[in-house]
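need coordinates for the following:
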Amino acid sequence: RFFTVWLNKSHQIKRVNMNWVAAVLEEDVEDYVKEALADGVDRGWVGNYRDKLVNTLGGSTLVFVNGTTYQNTTSRILLTAFFVLLGSGILILLLVIVISKRAVAPIAQSYEKQKQFVTDANHELKTPLTLILSNLDILESEVGKNEWLEDIRSEGQRMGLLINQMVTLSRMDETETLISHSPFDISGVVEQTVSAFQPLAEEQGKHLTAEITPDLTLEGDESMIRRLAAILLDNSVKYCDQGGEIRVRLFRRRHLIFTVENTYAAVNQLELDRLFDRFYRADKARTASGSFGVGLSIAQSIVKVHKGNISAYKKEGEIGFRVELKEK
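Model prediction:
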């Protein structure tokens with residue numbers, strides 16, 4: 001369906017041909033023309049009609065063609081394309097989910113088996129280790145103390161410490177680790193931990209200072225946060241240079257910030273991205289210091305279950321750890 005309008009050079013209607021359209025009245029033609037010319041372009045839409053303006057010698061010609069069929073066809077094509085794309089996307093998503101589950105399943109099973117192995121091995125090692133240390137006490141009472149028995153006891157105690165740390169890590173690996181959430185004085189916890197490490201630092205000729213904002217509280221597991229502070233301070237005392245400085249800070253900005261820094265001449269040799277790996281020790285020579293390289297892994301797990309962040313950073317001749325504890 002279409003109709004044609006001839007215009008003079010002043011865009012006045014000269015003649016109209018409406019033989020091929022019945023839905024438009026002749027008195028409405030002028031409104032169609034005005035709306036078509038108002039756009040200032042050669043072609044456009046007026047209602048359901050597509051218009052085209054053609055300049056001629058005596059003026060111009062406007063042709064209006066009913067575009068309902070075109071619009072319906074276009075809508076159907078777009079709607080069909082949308083459902084095809086949507087169906088394809090859903091199908092691809094389902095395929096990815098199925099394939100990824102099958103691909104990840106062996107890895108997940110292997111990880112679960114490793115965790116179970118660690119847990120079982122820890123429990124199996126505890127019993128013989130307890131018997132060894134008990135028999136060692138009996139042996140010492142009969143033959144007396146000597147250098148070899150002291151070495152056995154020292155290594156047995158170190159092994160016991162390692163087993164306990166492995167048990168802690170194994171428990172924290174559980175995705176549903178339950179911790180007690182109750183408000184406590186974190187300023188007091190950090191102050192007490194610093195006081196506990198002060199004599200050890202002085203004995204080794206290291207200067208330990210603390211800048212702690214008083215009366216700060218945190219909702220979380222107090223025993224875990226106490227252990228976190230002890231791990232970071234123990235690490236800083238062990239790896240601080242002789243005669244060096246250890247600085248502890250606790251303050252609040254948007255969240256609670258806890259930092260521990262110490263001087264360390266070999267800081268440029270550190271692999272910061274590996275410090276939180278299990279059994280990684282920055283100083284491979286310090287094998288008899290009681291360190292197993294799992295302390296920072298435990299610290300990271302403690303921060304993780306508290307929905308916080310922990311990171312290591314370097315300064316000129318210094319290494320630092322920053323803990324950000326987000327409050328609910």
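
packing partners of the helix or strand hosting L85?
Per DSSP states H and E: L85 is located in helix 68-143. Counting contacts by 3 or more C-beta pairs under 8 Å, 6 or more residues apart in numbering; DSSP states H and E, helix 68-143 packs against helix 147-172. Placement of C-beta: from N, CA and C, glycine included.

how does it look with 10 Å?
strand 49-56, helix 147-172 (3 or more C-beta pairs under 10 Å, 6 or more residues apart in numbering; DSSP states H and E).

quick one: mean pLDDT for it?
Computed over helix 68-143, the mean pLDDT rounds to 79.

quick check: mean pLDDT of the helix or strand where R322 lies?
Take DSSP H and E as the rule and R322 turns out to sit in strand 318-325. In this model, strand 318-325 has a mean pLDDT of 92.

repeat that for stretch 297-315.
Here the average pLDDT along stretch 297-315 is 88.

buried sites along that stretch?
297-303, 306, 308, 310, 312 (16 or more other C-beta atoms under 10 Å).

how about stretch 320-328: buried residues?
320-321, 323-325.

repeat for stretch 65-85
65-67.

likewise stretch 145-160?
Neighbour-count burial for stretch 145-160, counted by 16+ other C-beta under 10 Å, picks out 152-153, 159-160.

quick revisit: of all the helices and strands packed on helix 68-143, which one is nearest F258?
helix 147-172 (18.7 Å; C-beta to C-beta).

quick one: which two of the buried residues of stretch 297-315 are the most distant?
Between any two of the buried residues of stretch 297-315 (C-beta to C-beta), the greatest distance is 17.9 Å, for H306 and A312.

S301 and F276 touch, don't they?
Yes - applying C-beta atoms under 10 Å, one finds S301 in contact with F276, separated by 9.4 Å.

what do those two both touch?
I310 (C-beta atoms under 10 Å, 6 or more residues apart in numbering).

so R227 touches D221, yeah?
Yes - with contacts counted by C-beta under 10 Å, R227 reaches D221, the gap being 9.2 Å.

intersection of neighbour lists for these two?
I302.

so which strand or helix has V33?
helix 29-38.

show the average pLDDT along that helix.
Helix 29-38 comes out at a mean pLDDT of 85.

pull that helix out as CSV, backbone CA atoms only.
Extracted in CSV, the C-alpha atoms of helix 29-38 (Å, rounded to 0.1, in the frame of the first residue of the first chain):
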residue,chain,number,x,y,z
VAL,A,29,-2.1,13.8,3.7
GLU,A,30,-1.0,17.3,4.6
ASP,A,31,-0.1,16.2,8.1
TYR,A,32,2.0,13.3,6.6
VAL,A,33,3.8,15.7,4.3
LYS,A,34,4.5,18.2,7.1
GLU,A,35,6.0,15.5,9.4
ALA,A,36,8.1,14.0,6.5
LEU,A,37,9.5,17.4,5.6
ALA,A,38,10.1,18.4,9.2
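
which ones are touching the closest residue to R252 other than its chain neighbours?
Once flanking residues are discounted, R252 sits nearest to L216: 5.9 Å by C-beta to C-beta, 6 or more residues apart in numbering. By C-beta under 10 Å, 6+ apart, the contact list for L216 reads 185-190, 250-252, 256, 258, 325.

go again with 8 Å.
185-187, 250-252, 256 (C-beta atoms under 8 Å, 6 or more residues apart in numbering).

helices or strands up against the host helix or strand of T61?
Following DSSP H and E, one finds T61 within strand 59-66. Contact partners of strand 59-66 among helices and strands, from 3+ C-beta pairs under 8 Å, 6+ apart: strand 2-7, helix 29-38, strand 49-56.

most packed of those?
strand 2-7 (a mean of 19; mean count of other C-beta atoms under 10 Å).

ok, L296 to E147 distance?
33 Å (C-beta to C-beta, to the nearest Å).
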